[in-house]
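Participant: only geometry, no sequence info:
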């Protein structure tokens, strides 16, 4: 796991609050619907000032660690915060040190496996330790780049 300096980014998108335990139960999982909405063709076409065509997932407002509640925003990177489309929020992803991991292969399984490695790293007391402030997934045609705040 390489530590890099993650640049600042602003994301406009759709939001849910959830827990990893809820996401393991199909009856309570909120992320599949969020991703279905965010991944729909043209979901963010009306957001002005997009920086690229990638999808960004921002994980913030951690209640505690990977066992507690957190907020996930899935959306598009923007140069400046536009007038927000109805039902969307804007979040500033601060720059800072982050572990960079790359998930490649069939999705979402490759990404799930990458997150499982992150959880094992956390539970084993791995260094550097997670900050549980702002984590970022960058979904692009080649896979997903995961930035874990440290």
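Facilitator: Good, I have the coordinates. What you are looking at is a predicted structure, and each value in this text was computed from that prediction instead of being measured. Residues are numbered from 1 along each chain as shown.
Participant: Point to the residue nearest the middle of the protein.
Facilitator: The centre of the chain sits closest to residue 57, judged by C-alpha atoms, centre = their mean, with a distance of 2.7 Å.
Participant: In stretch 66-74, which residues are buried?
Facilitator: Taking 16 or more other C-beta atoms under 10 Å as the neighbour-count basis, stretch 66-74 is seen to contain the buried residues 66, 70-74. The C-beta positions use only the backbone N, C-alpha and C, and glycine is treated the same way.
Participant: Does the helix or strand containing the residue nearest to the centre of the chain pack against any helices or strands, and if so which?
Facilitator: Here residue 57 is covered by strand 55-60, with elements defined by DSSP states H and E. Strand 55-60 sits against strand 9-18, strand 70-78, strand 89-93, strand 135-140, with contacts defined as 3 or more C-beta pairs under 8 Å, 6 or more residues apart in numbering; DSSP states H and E.
Participant: Which among these is found nearest to residue 99?
Facilitator: Comparing the helices and strands packed on strand 55-60 by their distance to residue 99 (C-beta to C-beta), the top pick is strand 135-140, with 9.3 Å.
Participant: pLDDT weak spots in this structure?
Facilitator: Of all residues in the chain, those with pLDDT under 70 make up the ranges 1.
Participant: mind redoing it with 90?
Facilitator: For the chain, applying pLDDT under 90 flags the ranges 1-2, 46, 65-67, 81-87, 121-123, 125-127.
Participant: By residue count, tell me the biggest helix in it.
Facilitator: Ranked by residue count and defined by DSSP state H, the top helix of the chain is helix 109-123.
Participant: and that helix, which residues are buried?
Facilitator: Neighbour-count burial for helix 109-123 flags 111, 114-115, 118, 121-122 (criterion: 16+ other C-beta under 10 Å).
Participant: wait, which of the buried residues of stretch 66-74 is closest to residue 88?
Facilitator: residue 73 (8.8 Å).
Participant: sorry, back to before: just give the closest residue to the residue nearest to the centre of the chain, not the sequence neighbours.
Facilitator: Counting by C-beta to C-beta, 6 or more residues apart in numbering, residue 57 lies nearest to residue 137, which is 4.0 Å off, once chain neighbours are set aside.
Participant: Perfect, that will be all.
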